[in-house]
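Trainee: Provided below for reference: sequence and predicted model.
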Amino acid sequence: MKSAVFFERDGVINAYAKGASSKEPPTTLEAFKLLGGIEALMASLKEAGLLIFVTTHQPGLSQGTLDRRELERMHRIMRAKLPIDEVLICPHEASDACSCAKPNTGLYKELEHQYRIDMDHSYVVSDKWQDAAAAHTLGCVSVMLDSPHLGKAPRDYVTSSLDEVGEKILYLHTHQSELVLV
Ligand SMILES: [Zn+2]
């Protein structure tokens, strides 16, 4: 079984459309800007043998404020620049009461089954409490980016930069491998 890193998209891989406190996702390709440090981070995780997934909630698809073809253009650019194995999207609104909008675990479960992932030795990276809560439910290690959106959900680590996220995960991943050998 393989270990994976599950990335939240907005605020971790790409910038918010209107600043860090807005939580508003970009709705155009022009507004879709990768954050500094994400390419180096994912490259180092890939090199360490980890699978890399992106899970993202885009209710604008249901609300009509986000065009699916525009989103596909953004993701094509993202996947051309970053070593991402798969991107899963929840397109639903809160009123849909779906099982895939985080903190529900539907997106993660789908990837777990498809790729046979060892969830106990996998990681969730996000700036929002919903992902930390999902990680807690799934038994993954949550490595959070400090932000105004962390809330009070249980989480394992809070870091101040993508560099620090990489250091933490690579340390834990190496350490876990050693434990398995013992
Ligand atoms: Zn959903």
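Mentor: Ah, there it is.

Trainee: Return the list of helices and strands in contact with the lengthiest helix in the chain.
Mentor: When the chain is scanned for its longest helix (criterion: DSSP state H), the result is helix 162-181. Helix 162-181 makes packing contacts with helix 38-47, strand 123-126, strand 141-145, strand 157-159 when contacts are defined by 3 or more Cβ pairs under 8 Å, 6 or more residues apart in numbering; DSSP states H and E. (Each C-beta comes from the backbone N, C-alpha and C, glycine too.)

Trainee: ok, M144 - contacts?
Mentor: 125-127, 131-132, 150, 155, 157-159 (Cβ atoms under 8 Å, 6 or more residues apart in numbering).

Trainee: Now do it, the pLDDT please.
Mentor: Listed pLDDT for M144 reads 98.

Trainee: How about S22?
Mentor: 84.

Trainee: which bits of the chain sit near the ion?
Mentor: Residues of the chain lying close to the ion (Cβ under 5 Å from the ion) are 90, 92, 98, 100-101.

Trainee: Narrow these to those in helices?
Mentor: Among those, no member lies in helices (by DSSP H).

Trainee: Can you select the buried ones among the residues you listed for me in PyMOL?
Mentor: With 16 or more other Cβ atoms under 10 Å as the criterion, this PyMOL line picks the buried residues out of those:
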select buried, resi 90+92+100+101
